[in-house]
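Asks: sequence? don't have it. structure:
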């Protein structure tokens, strides 16, 4: 049966409440490179928002290699003879199809078919998985374990992790000592010994580019960081913060909890939670695999049709449509949705956004009007600009999939 | 098992459990023309409403008094034709006192002993029965669903509102004032005699894990009174042959309508195909096909054990898992070689029921220890000597004493296997103070702890009502939201046990309402 979660770093830090935010094992290195002392709270840790400028960090990933400290991402270890059945009941995708040493992107829902969180499942062993999530949710995970032969424990603090992303990332990791890392296919993971340091690497990421995530013991963290920076110097390696990552993920069409949807466990107002069908995750739902959390509600929603949908927008002009309300008419009489994430895409040279749009205005190719406010030296201007519903992702280079990647 | 050889492969409906609710549900469905199979895990039908031989030639029923079953149900199923006989009805109740000054709970008995209550007690009880009567649509009909726009649900609320409004302004205000209260405060307001307060509060808390000071104990009392007033005024009754006489009549009625009842047939799993019920698998390995399965087992057993969480959403499983079902009632059965004699008690009172709950505080304290995993050293009891009205239960001239004991927690700190003997000794010592010489007349005994009750009847927690009858597990949220109208999240699976609305006691209302729900949905 399920067990209580193992305690996190807090038990090793008796005075943890004096310092509400924990530091990751890379903190000292990150602080040394941070030019703005710009830190933000993420899942109980303090992490760098901007090292130099968001633009410079962004371009390091699109043109070279960016390194992002993802240690705070919540990780649960799920182990036991019933682990696969448990996860299959938890999430909407068919986890029984997840092979050993593979990774799967998943979402999971409450009884109403509304998303609690999205994340990834790593299959590390026959009956051993990691579930990586945005939010802590041990209560839900343990209640979901009632009746399953499975043990669940949070292991966030037991693992240090870096995302190493960008067109030269494979080269950097090879030089670093991950022999054969170039053979990893997308969503595949492997175990490596890099000059005496045990490292698990997975070809995963949140940038839509070629990239890897590497997982190590916290005590090896600083050594790994130092050696990565050293071998990557000739390939333009650069530490990146969360602002740059946010721009990268919007181009890749990835959703960010709290921005593009809010967990159904934390919404207060009625109707503010979102179903995977509304978020365009139809492809993540396997209605044929048997029962899973929210299946009956999702079947009913699918039968009646979704009321709104998260779509990509291509917006006229070059002013990012942050939080813009959307209308079906230029006069702004009929509100039909709102932008959840927006940016000028330097790589696509398009003004792009993710937005929730009501039926029927979310149809591919449909036109809506975005109400954009511009602050021009403390004078606000309002623009109504045309926006078109377009396919996501906005940026999907072939190199993200090619195996082995180009050796550069 | 050979017992399964006469099973057909297909039925319209399968009912899990041949307790009174299962049998009543079976009888109504069979009466409506359904092919019905009832499967019972035990060797005998009846569940907790059976009569069993606890000492050679001495028989007793776990549920020993009938007072909640509506007369309409008895006549609709023709139970009298099928052998239901009452050995006695309108049984008197006597509140025992250690000093021998016992209190008969009739109006005249109270008047004789507590002149201060003489005028007000009958008025108070008449009002309580009136208020309870206004809730008959609440306790006697399927709970409406919340948040729907269906007219049937709106109408049910309107009807309930109308019945309460019809009480008149004064009674309606009184009902709304007291319905969420605790019975302790209510009785302190209304009654003078400590003995009378203690005895009335006992009825309000009987079977619950709620002491008289717990909010909601007026509600549980009204539940009891509703059925009493709906029962054509027959009050407490005793069935010939014990409660097994009732379930035998129910089984006869069900069989008469064409239902098949199989004992020795424990269910392993409720089978599901394409997200709807497809039948059951018996522990013997047999599978039986049916599009409708109705479980009289408690909600935790039904959903978490027989169906399995894999067919349910986690939020629902969480609610079922966390529903409160901690039994605090034990049952003591004594085989006696002579009629016991209670100090100061007229022998004719032995045909009725005897209550040990001398004061409100005594009863409240009895509920204290179970909170901390201990049994009460000064328990409250309901005692009957069924052989006075029905000599068939024991050899000639000998007797059976049947006592409901409060409060003994299911989760006793030291474990019941280590405490059983000591507890029995304490109980007998307490009885001895009221009935000197009782101990010497004991031929044999049976003590059923909540764990024994759980083991024998398969109700997780060993609770009288399967799940606690309290405001948060009541009416349209009983046993849990999503299963409050007898249907469940899995199509074809229904509930018909005490865990469903309105609740436990040998009432049978759940069985009848569940059958109506099945027929309304399945036609």
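Replies: Here it is on my side, so go on. This is a predicted model, so every value here is computed, not measured.

Asks: after the helix or strand in which residue A:139 is found comes which helix or strand?
Replies: Assessed by DSSP states H and E, residue A:139 sits inside helix A:138-143. Once helix A:138-143 ends, the next helix or strand along the chain (criterion: DSSP H and E) is strand A:151-154.

Asks: Show me what that next one is packed against.
Replies: For strand A:151-154, the elements it packs on are strand A:74-79, helix A:138-143, judged by 3 or more C-beta pairs under 8 Å, 6 or more residues apart in numbering or on different chains; DSSP states H and E. No exception for glycine: its C-beta is placed from N, CA and C like everyone else's.

Asks: how about the last one: buried residues?
Replies: Read that as helix A:138-143. When burial is assessed from 16 or more other C-beta atoms under 10 Å in any protein chain shown, helix A:138-143 yields the following buried residues: A:138, A:140, A:141, A:142, A:143.

Asks: wait, does that helix make contact with chain B?
Replies: Yes - in terms of C-beta under 8 Å from any C-beta of the partner chain, part of helix A:138-143 sits within range of chain B, namely A:140, A:143.

Asks: what's the average pLDDT for that helix?
Replies: The average pLDDT within helix A:138-143 is 96.

Asks: The longest helix along chain B: how far from the chain's middle?
Replies: Longest helix in chain B, counting residues (DSSP state H): helix B:416-434. Relative to its chain's centre, helix B:416-434 lies at 24 Å (C-alpha atoms, centre = their mean, to the nearest Å).

Asks: name the helices or strands packed onto that helix?
Replies: Judged by 3+ C-beta pairs under 8 Å, 6+ apart, helix B:416-434 is in contact with strand B:329-336, strand B:380-384, strand B:399-406, strand B:442-448.

Asks: Can you point out the buried residues in that helix?
Replies: Within helix B:416-434, the residues that qualify as buried are B:416, B:419, B:420, B:423, B:424, B:426, B:427, B:428, B:430, B:431, B:434, counting by 16+ other C-beta under 10 Å.

Asks: Check what pLDDT residue A:318 gets.
Replies: 95.

Asks: could I get the buried residues of helix B:416-434 as a markdown table with pLDDT and distance to residue A:256?
Replies: A markdown table is the format used below for the buried residues of helix B:416-434 (pLDDT from 0 to 100; distance: C-beta to C-beta, whole Å):
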| residue | pLDDT | distance to residue A:256 |
| --- | --- | --- |
| B:416 | 95 | 54 |
| B:419 | 95 | 57 |
| B:420 | 95 | 60 |
| B:423 | 97 | 60 |
| B:424 | 97 | 65 |
| B:426 | 96 | 64 |
| B:427 | 97 | 64 |
| B:428 | 97 | 69 |
| B:430 | 95 | 67 |
| B:431 | 96 | 70 |
| B:434 | 96 | 72 |
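
Asks: Could you state which residue of chain A sits nearest its centroid?
Replies: residue A:206 (5.2 Å; C-alpha atoms, centre = their mean).

Asks: List the residues that contact it.
Replies: A:163, A:165, A:245, A:248, A:249, A:252, A:254 (C-beta atoms under 8 Å, 6 or more residues apart in numbering or on different chains).

Asks: Same check on residue A:262?
Replies: A:272, A:273, A:274.

Asks: returning to what we had before: closest to residue A:97 out of the buried residues of helix A:138-143?
Replies: Closest approach to residue A:97 among these (C-beta to C-beta): residue A:141, at 21.1 Å.

Asks: For the stretch 251-400 of chain A, which segments are assigned as helices?
Replies: Remark: helices assigned in the stretch 251-400 of chain A by DSSP state H, counting those that start in this stretch are A:295-304.

Asks: Which positions in it make contact with chain B?
Replies: A:290, A:291, A:293, A:294, A:295, A:296.

Asks: Among those, which pair sits farthest apart?
Replies: Farthest pair in these (C-beta to C-beta) is A:290 and A:294. Separation: 13.2 Å.

Asks: between the two, who's got more neighbours?
Replies: More crowded of residue A:290 and residue A:294, by other C-beta atoms under 10 Å in any protein chain shown: residue A:294, with 28 against 17.

Asks: Give the closest residue to the more buried one in space, chain neighbours not counted.
Replies: Using C-beta to C-beta, 6 or more residues apart in numbering or on different chains and skipping residues adjacent in sequence, the residue nearest residue A:294 is residue A:109, 3.2 Å away.

Asks: same question, residue B:342
Replies: residue B:435 (4.6 Å).

Asks: where does the stretch 401-523 of chain B come near chain A, residue by residue?
Replies: Residues of the stretch 401-523 of chain B found near chain A, taking C-beta under 8 Å from any C-beta as the criterion, are B:482, B:489.

Asks: how many neighbours does the closest residue to chain A within the stretch 401-523 of chain B have?
Replies: Closest residue of the stretch 401-523 of chain B to chain A, C-beta to the nearest C-beta: residue B:489 (6.5 Å). Residues within reach of residue B:489, counting by other C-beta under 10 Å, total 19.

Asks: give me every residue that touches it.
Replies: A:296, B:311, B:312, B:313, B:316, B:482, B:483.

Asks: again with residue B:366
Replies: Counting by C-beta under 8 Å, 6+ apart, residue B:366 has contacts B:211, B:357, B:376, B:378, B:379, B:380, B:406, B:407.

Asks: can you check residue A:183 too?
Replies: Contacts of residue A:183 (C-beta under 8 Å, 6+ apart): A:190, A:403, A:404.

Asks: switch the cut-off to 7 Å
Replies: A:403, A:404 (C-beta atoms under 7 Å, 6 or more residues apart in numbering or on different chains).

Asks: can you tell me how far it sits from residue A:201?
Replies: 11 Å (C-beta to C-beta, to the nearest Å).

Asks: Ok, residue B:202 next?
Replies: Distance, residue B:202 to residue A:201, by C-beta to C-beta: 69 Å.

Asks: Low-confidence stretches in the chain?
Replies: Reading this off chain A. For chain A, the stretches with pLDDT under 70 are A:1-13, A:16.

Asks: my question was about chain B
Replies: Checking chain B against pLDDT under 70 turns up B:1-4, B:229-234, B:523.

Asks: Show me what the closest residue in space to residue B:379 that isn't next to it in sequence is bridged to.
Replies: Of all residues beyond its chain neighbours, the one nearest residue B:379 is residue B:405 (5.0 Å), with distances taken as C-beta to C-beta, 6+ apart. When assigned by DSSP bridges, residue B:405 has beta-bridge partners residue B:330, residue B:381.

Asks: So what touches the longest helix of chain B?
Replies: By C-beta under 7 Å, 6+ apart, helix B:416-434 touches B:96, B:98, B:332, B:342-343, B:375, B:377, B:379, B:405, B:412, B:438-439, B:445, B:447, B:449, B:451.

Asks: if we can go back for a sec, quick one: the buried residues of helix B:416-434 as JSON lines, columns for distance to residue B:468 too.
Replies: Formatted as JSON lines, those follow (distance: C-beta to C-beta, whole Å):
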{"residue": "B:416", "distance to residue B:468": "20"}
{"residue": "B:419", "distance to residue B:468": "23"}
{"residue": "B:420", "distance to residue B:468": "25"}
{"residue": "B:423", "distance to residue B:468": "23"}
{"residue": "B:424", "distance to residue B:468": "27"}
{"residue": "B:426", "distance to residue B:468": "26"}
{"residue": "B:427", "distance to residue B:468": "24"}
{"residue": "B:428", "distance to residue B:468": "29"}
{"residue": "B:430", "distance to residue B:468": "26"}
{"residue": "B:431", "distance to residue B:468": "28"}
{"residue": "B:434", "distance to residue B:468": "30"}
